[in-house]
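J.: coords please:
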Amino acid sequence: MHRPSPGPAALVSLLIAIAGCAPTAQLSPSAAPSAAATPAPSSPAPTSTPEPTPTPVPAETLTESFDPSVFGDPTTVDNAYYPLTAGTRLTFEGQVNGDEGERIAHSVVMTVTDMTKVIDGVENRIVYEFDLTDGELVEAELAFWAQDDEGTVWHMGEYPEEYEEGEIVGTPAWIAGIKEDKAGIYMYAKPRLGTLSYSQGWGPDVGWADRARIFETGSATCVPAGCYDDVLITAEYNPDEPDAYQLKYYAPGIGPVRVGWAGALEKDQEVLELVTITTLTEEELTKLRQTVLDMEKRAYELNKDVYGTTEPAKPSG
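T.: Below you'll find the predicted structure:
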């Protein structure tokens, strides 16, 4: 579910296509209100009274300010909308556009491991995820997450393996603190409508420049895994790909439960629904740990200039 997904500046009518529902919505660009011209006073203002200082208008930044000193317990990720408990597995099923525009079966399996890895001075929780399209493995990845003392979850990097016909054809990793790569915000502790868009990480060598903004709060949705209230919806996009968005639905205490899309230029039109939530057994956790270690071993060989410079992953605790 992590891709350089598209995005924008001025969106006026958005067609949102989501599995099981297709509401109409709009995304409004965050722009500062224009100030009306103030007529000149008829007489000069007294020199003893200073002119009021205008309130500065917040500006979006290319990357987020990251401070490793505010991560006291970073691998305890208990954010209401993105909790990461070791052994939790979320399975999603849906569809995506094929090369000819045909709809193809698509599934994603996301599993929180009991492994951690230090990135840019902060210990991270490792999530293992893989994508199947038409039953064939197209990508597997290790993603890295840390929660700061306020409860905001940070995206610290990822190592993906892209597959074609069972062979690895690419490993476009970005890792915060290496080269120009920087951590980004994935989920605020208290997401609010009206806030500026935020960077979800910065990896210029591999084209990772995803941003997001809060699209809707207090929503409701039903998927095969259950029905949820107080759902948060974010719109993710890449500024280099205008009018194309990935919409993600997050339920409190669960995390992602649905993926949709918006925008006339969105190519993949990926839709996913949470089908099952399972908890791994100790035996399954042990196997998953080995999967992570095997993948990391390949990463050190296939991606030496980025992943190859990182500290080894290790079991938490």
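
J.: The closest residue to Gly201 other than its chain neighbours: neighbour count?
T.: Closest residue in space to Gly201, ignoring its immediate chain neighbours: Gly184 at 3.5 Å, by C-beta to C-beta, 6 or more residues apart in numbering. No exception for glycine: its C-beta is placed from N, CA and C like everyone else's. A total of 24 residues lie near Gly184 under the criterion other C-beta atoms under 10 Å.

J.: Any chance you could list what contacts the host helix or strand of Glu236?
T.: Taking DSSP states H and E as the definition, Glu236 sits inside strand 226-237. For strand 226-237, contacts defined as C-beta atoms under 8 Å, 6 or more residues apart in numbering pick out 5-8, 27, 81, 191, 200, 210-222, 244-252, 254, 257, 262.

J.: try 7 Å
T.: Contacts of strand 226-237 with the rest of the structure, by C-beta atoms under 7 Å, 6 or more residues apart in numbering, involve 5-8, 27, 81, 191, 200, 210-221, 244-252, 254, 257, 262.

J.: Select only the buried ones of those in PyMOL?
T.: In PyMOL syntax, the buried subset of the contacts of strand 226-237 is picked out as below (16 or more other C-beta atoms under 10 Å):
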select buried, resi 5+6+7+8+27+81+191+200+210+211+212+213+214+215+219+221+244+245+246+247+248+249+250+251+254+257+262
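
J.: Inside helices: which ones of the contacts of strand 226-237?
T.: The members of these all map outside helices under DSSP state H.

J.: re the thing from before, sort out which residues of the strand holding Glu236 are buried, please.
T.: Applying 16+ other C-beta under 10 Å to strand 226-237 flags Tyr228, Val231, Leu232, Ile233, Thr234, Ala235, Glu236, Tyr237 as buried.

J.: Next, work out how far apart the second one and Gly255 are.
T.: Right, Val231. 11 Å (C-beta to C-beta, to the nearest Å).

J.: what about stretch 109-117, distance to the chain center?
T.: Chain-centre distance of stretch 109-117: 16 Å, with C-alpha atoms, centre = their mean, to the nearest Å.

J.: Oh, that last question was meant for stretch 149-166, not what I typed.
T.: So, by C-alpha atoms, centre = their mean, the centroid of stretch 149-166 is 9 Å from its chain's centroid.

J.: Buried residues, that stretch. List them.
T.: For stretch 149-166, by 16+ other C-beta under 10 Å, it's Thr152, Val153, Trp154, His155, Met156, Gly157, Glu158, Tyr159, Pro160, Glu161, Glu162, Tyr163.

J.: Stretch 281-289 too?
T.: Buried positions in stretch 281-289, judged by neighbour count with 16+ other C-beta under 10 Å: Leu285, Leu288, Arg289.

J.: average model confidence for that stretch?
T.: In this model, stretch 281-289 carries a mean pLDDT of 97.

J.: and of the buried residues of stretch 281-289, the nearest to Asn97?
T.: Nearest to Asn97 among the buried residues of stretch 281-289 is Leu288, at 30.8 Å by C-beta to C-beta.

J.: Got phi/psi on that closest one?
T.: Phi and psi for Leu288, reported as degrees, to the nearest 10, are phi -60, psi -40.

J.: give me the number of residues near the residue nearest to it when sequence neighbours are not counted?
T.: Excluding the flanking residues, the one nearest Leu288 by C-beta to C-beta, 6+ apart is Thr113, at 5.6 Å. Thr113 has 23 neighbouring residues, counting by other C-beta under 10 Å.

J.: what sits against Thr113?
T.: Neighbours of Thr113 in contact, by C-beta under 7 Å, 6+ apart: Ala86, Ile126, Val127, Tyr128, Leu288, Arg289, Val292.

J.: Most widely separated two among those?
T.: Maximum distance among the contacts of Thr113 (C-beta to C-beta): 13.1 Å, for Val127 and Arg289.

J.: Which positions in stretch 175-193 come out as buried?
T.: 175-178, 181-188, 191.

J.: What mean pLDDT does it get?
T.: Rounded mean pLDDT across stretch 175-193 is 98.

J.: Low-confidence regions, this structure specifically.
T.: 1-58, 317 (pLDDT under 70).

J.: Swap in 90 and give it another go.
T.: Along the chain, segments meeting pLDDT under 90 span 1-60, 99-101, 242, 316-317.

J.: Closest to the centroid, which residue in it?
T.: For the chain, the residue nearest the mean C-alpha position is Tyr186 (5.0 Å; C-alpha atoms, centre = their mean).

J.: Extract the CA atoms of the helix or strand hosting that one and return them as CSV.
T.: Assigned by DSSP H and E, Tyr186 belongs to strand 184-187. Taking Å, rounded to 0.1, in the frame of the first residue of the first chain, the C-alpha atoms of strand 184-187 are listed here in CSV:
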residue,chain,number,x,y,z
GLY,A,184,8.4,12.0,7.3
ILE,A,185,5.2,12.1,9.3
TYR,A,186,2.8,9.2,8.6
MET,A,187,0.1,9.7,11.3
